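A.B. asks: From the sequence below, what's the structure:
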Amino acid sequence: MTGLNKLTQAYRNRIREGKPVLSLVSGNPNDNGFVFPAEILQKEYACYFNKQDYHPDPKGLLEAREAVCHYYSGQGALFQPEEILFTAGTSESFFYLFSYLCEAGDNILAPNPAYPLFDDIAHLAKIELRHYPLDEKNRWEIDFDALEQHIDSKTKAIVLISPNNPTGAVASAKAIQNLARIAHHYNLAVISDEVFSEFYFSKEIFPRAQTVADFPLLFTLNGLSKMFALPALKLGWIAVSGAKKRVEQALDALETMADTFLSVHTPIQKALPSIFEQGKDFKARYVQEVTSRRNLCLSFLKDANPIHFHPPQGGFYLTAKIELRENMDEEDFVIRLLEETEVLVHPGYFYDYEEGIHIVFSYLAEPEILSKALPLLVQFCR
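C.D. replies: Presented below is the predicted three-dimensional model:
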């Protein structure tokens, strides 16, 4: 177990010893009862394999890109098929973009706290990832003064994650417009990660970067993993907008990268129009159930001192700050929580939270697990 953190070691020891665990850490919808209708996929895949052909387009099959454009048009975001490029998931999208936008030694700004994968991708792309802070006291909104202090002549882009993972914050239209102002002033691209956009817990229209502000160069990322609970099928996309010349240059470069690898599975591209159209009912039920589980979580944590949190506006995760009387660090806290209550959550340091004890957990878990685990968490903190 060399190299494992202490929490992972404690978790694996419990599993090996046959001890129960109430896990609140999985953000995989399939692990938590959300399964896309098999018959839709079986029908589409059967059509492909009954008449197999392989004539790849580096950007992706036209009918699939048209389906993505149709999805966005229903939400007021207008893209043309030639402005869409498919990837084998959002991680690959980020790698393409980091590689395109930067030369070795350049930097990109990304939010903190954040999912740690970005640091690994930046390392692979041989660039520097600089972290701009999200303000916990202000509902995890972007600290724009601090963000600008991180910009220098080597800065090429800013990453926006909205809904944010793991804070659950959603950037307001005003914040996005402020980000666009900074992007224009410093001539920077913006990468808008919207993979949790279907899970926006508001009656208002989701504030999508492409629809609420004008950017010099904007890359909008999404995919099937979260949207349709299809993480195994590895289909993501990059939608490019902004100044015409910069958009054309970006698409040419990205198409060359995509043509080098042709990593996107042809059958899933063939199936995409049907997934969007025939999967609507599933997605509606899925979103409704995730919303219900999020609300159940909030009901258990309401007024649960010393647990303090901002209700997540979107996504799958909740971040809480724990104020304890006794001196304890995050790692000790989550390990004791696991050993004494069977409840597994993540410590904040996994996501680079800096001050105090923070925990991060997913409310995707089955309601029965949430109903058992959350009261134990509250009781343990008290």
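A.B. asks: For the rest of this, base every contact and every neighbour count on C-alpha atoms.
C.D. replies: Noted.
A.B. asks: In the beta-sheet assignment, what are the partners of residue 85?
C.D. replies: Beta-bridge partners recorded for residue 85 (DSSP bridges): residue 238.
A.B. asks: May I have the residues that are in contact with it?
C.D. replies: 58, 59, 60, 65, 237, 238, 239, 251, 254, 255 (Cα atoms under 8 Å, 6 or more residues apart in numbering).
A.B. asks: Now, these that are in strands?
C.D. replies: Under the assignment DSSP state E, the contacts of residue 85 contribute 237, 238, 239 to strands.
A.B. asks: hmm, back to that, show the buried residues in the contacts of residue 85.
C.D. replies: Using 16 or more other Cα atoms under 10 Å as the burial test, these include 58, 59, 60, 65, 237, 238, 239, 251, 254, 255 as buried.
A.B. asks: nearest spatial neighbour of the third one, skipping sequence neighbours?
C.D. replies: Beyond its immediate neighbours in the sequence, the residue positioned closest to residue 60 (Cα to Cα, 6 or more residues apart in numbering) is residue 86, lying 5.5 Å away.
A.B. asks: okay, now that neighbour: neighbour count?
C.D. replies: When neighbours are counted by other Cα atoms under 10 Å, residue 86 registers 31.
A.B. asks: Which one of the contacts of residue 85 is nearest to residue 372?
C.D. replies: Taking Cα to Cα as the measure, residue 372 sits nearest to residue 237 out of those, at 38.0 Å.
A.B. asks: What's the separation between the closest one and residue 91?
C.D. replies: 10 Å (Cα to Cα, to the nearest Å).
A.B. asks: likewise residue 82?
C.D. replies: Taking Cα to Cα, one finds residue 82 at 21 Å from residue 91.
A.B. asks: How many residues are close by the residue nearest to residue 33 when sequence neighbours are not counted?
C.D. replies: Once flanking residues are discounted, residue 33 sits nearest to residue 366: 7.2 Å by Cα to Cα, 6+ apart. Residue 366: 16 surrounding residues under other Cα under 10 Å.
A.B. asks: separation between residue 366 and residue 192?
C.D. replies: 30 Å.
A.B. asks: what about stretch 273-283, distance to the chain center?
C.D. replies: Relative to its parent chain, stretch 273-283 has a centroid offset of 21 Å by Cα atoms, centre = their mean, to the nearest Å.
A.B. asks: what's the neighbour count on residue 39?
C.D. replies: 9.
A.B. asks: actually residue 372, sorry about that
C.D. replies: Neighbours of residue 372 using other Cα under 10 Å come to 12.
A.B. asks: what about it, distance to residue 297?
C.D. replies: Counting by Cα to Cα, the gap from residue 372 to residue 297 is 11 Å.
A.B. asks: quick one, strands of this structure?
C.D. replies: 22-23, 84-87, 107-112, 128-135, 141-142, 155-161, 189-193, 217-223, 236-242, 307-309, 317-322, 343-344, 346-347, 357-362.
A.B. asks: angle of the last one against strand 317-322?
C.D. replies: Read that as strand 357-362. 160 degrees (axes from the mean of the first three to the mean of the last three Cα atoms, to 10 degrees).
A.B. asks: re the thing from before, pretty sure the residue nearest to residue 33 contacts residue 30?
C.D. replies: No. Contact criterion Cα atoms under 8 Å: residue 366 and residue 30 do not qualify, at 11.2 Å.
A.B. asks: Nothing else from me, thank you.
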